[in-house]
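Undergrad: I would like the atomic coordinates for the input below:
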Amino acid sequence: MIGGYLKDILLLGKHWFKLKFVILFVAALILAIIFLRQDSAVISIFITMLFLNSIQSLFNDDNKSGFLDFLNTTGVSFNRIVFARYLTGVSLCLISSIFSFLVNLIIYVFYKNLPLKSYLFIGLLTLCISLMYMLILIPFIYLFNQNGLTIAVILIILIAFILSKVNHSALKISNFFHQSSNLKLGFYFVLCVLLTAGISYIVSVIICKKRFYN
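TA: This is a model prediction of the structure:
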């Protein structure tokens, strides 16, 4: 499990720290701060999505190298293999949220358009959404390979669109957040993440077993 996790992190490092990508990232950040000014916080969203969606490259590498087929001959438990990939996903969520917060912190230093407390809240919200997104994304990539990312995003957008059409759904959600204490909201979030994580992991293990361990 630890070996699979370290492999994933090393592969991601190779993808991230290519000189042209680093230069492009720094240039985009500088241009956003100069031209978008206080609205440059939007770039943190793209940074987060870039980090999260890079997990698909790990699945692509596994397919190209036949890594899972190789592990099938070694007798390594597929539960551990899948769990290692989830550890990588959670790490990506943490890293992307930290980078997003740092970008927002730079914007705060230059423009101070929002209080620092608001940026801390945005960072926490980014982490929450990132975790839920990752937990939904991984089973789809296991099932649909390269198309998993596209299908998952389309499904999320479709669900959001359907919910938006439900009578007073936005108002009900808004009232729920306003009427609930921070402690209660935190409890609901942790419970939701744990339930989603459990279902997501079980589904991924079943898919992985059927695809690679028959």
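
Undergrad: from here on, contacts and neighbour counts on C-alpha atoms
TA: Fine.

Undergrad: Kindly provide the distance from Met132 to Leu185.
TA: 15 Å (C-alpha to C-alpha, to the nearest Å).

Undergrad: Counting neighbours, go ahead and name the busier of these two.
TA: Neighbours were tallied for Met132 and for Leu185 using other C-alpha atoms under 10 Å; the higher tally belongs to Met132 (18 against 15).

Undergrad: so the more buried one is in which element?
TA: Under the assignment given by DSSP states H and E, the secondary-structure element containing Met132 is helix 116-144.

Undergrad: Can you name the next helix or strand after that helix?
TA: Sequence-wise, the next helix or strand downstream of helix 116-144 (DSSP H and E) is helix 148-165.

Undergrad: on that earlier part again, tell me what the helix holding Met132 is packed against?
TA: Contact analysis of helix 116-144 by 3 or more C-alpha pairs under 8 Å, 6 or more residues apart in numbering; DSSP states H and E lists helix 42-53, helix 55-65, helix 78-111, helix 148-165, helix 182-212 as its packing neighbours.

Undergrad: now these as CSV including distance to Lys7?
TA: Supplementary listing: the helices and strands packed on helix 116-144 in CSV, determined by distance: least, C-alpha to C-alpha, whole Å:
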stretch, distance to Lys7
helix 42-53, 17
helix 55-65, 9
helix 78-111, 10
helix 148-165, 21
helix 182-212, 18
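
Undergrad: for stretch 134-151, which positions count as buried?
TA: Of the residues in stretch 134-151, those buried by neighbour count under the rule 16 or more other C-alpha atoms under 10 Å are 134-143, 146, 148-149.

Undergrad: Point me to the residue sitting farthest from the middle of the protein.
TA: Outermost residue of the chain with respect to the C-alpha centroid, by C-alpha atoms, centre = their mean, is Thr73; its distance is 30.9 Å.

Undergrad: Tell me the secondary structure at that residue.
TA: On the three-state scheme (DSSP: H, G, I helix; E, B strand; the rest coil), Thr73 is labelled helix.

Undergrad: mind listing what it touches?
TA: The neighbourhood of Thr73, defined by C-alpha atoms under 8 Å, 6 or more residues apart in numbering, contains no residues.

Undergrad: got it, and Phe78?
TA: Listed by C-alpha under 8 Å, 6+ apart, the contact partners of Phe78 are Val205, Cys208, Lys209.

Undergrad: mind checking which helix or strand of this protein has the lowest mean pLDDT?
TA: Of all helical and strand segments in the chain, the minimum by mean pLDDT, DSSP states H and E falls on helix 169-179, at a mean of 69.

Undergrad: For the chain, which residues score under the pLDDT cut-off?
TA: Regions of the chain meeting the criterion pLDDT under 70 cover residues 1, 36-41, 167-171, 173-174, 176-177, 212-214.

Undergrad: hmm, 50 instead?
TA: For the chain, no stretch has pLDDT under 50.

Undergrad: Look up which helix or strand Leu114 falls in, please.
TA: Leu114 is located outside every helix and strand, with elements delineated by DSSP H and E.
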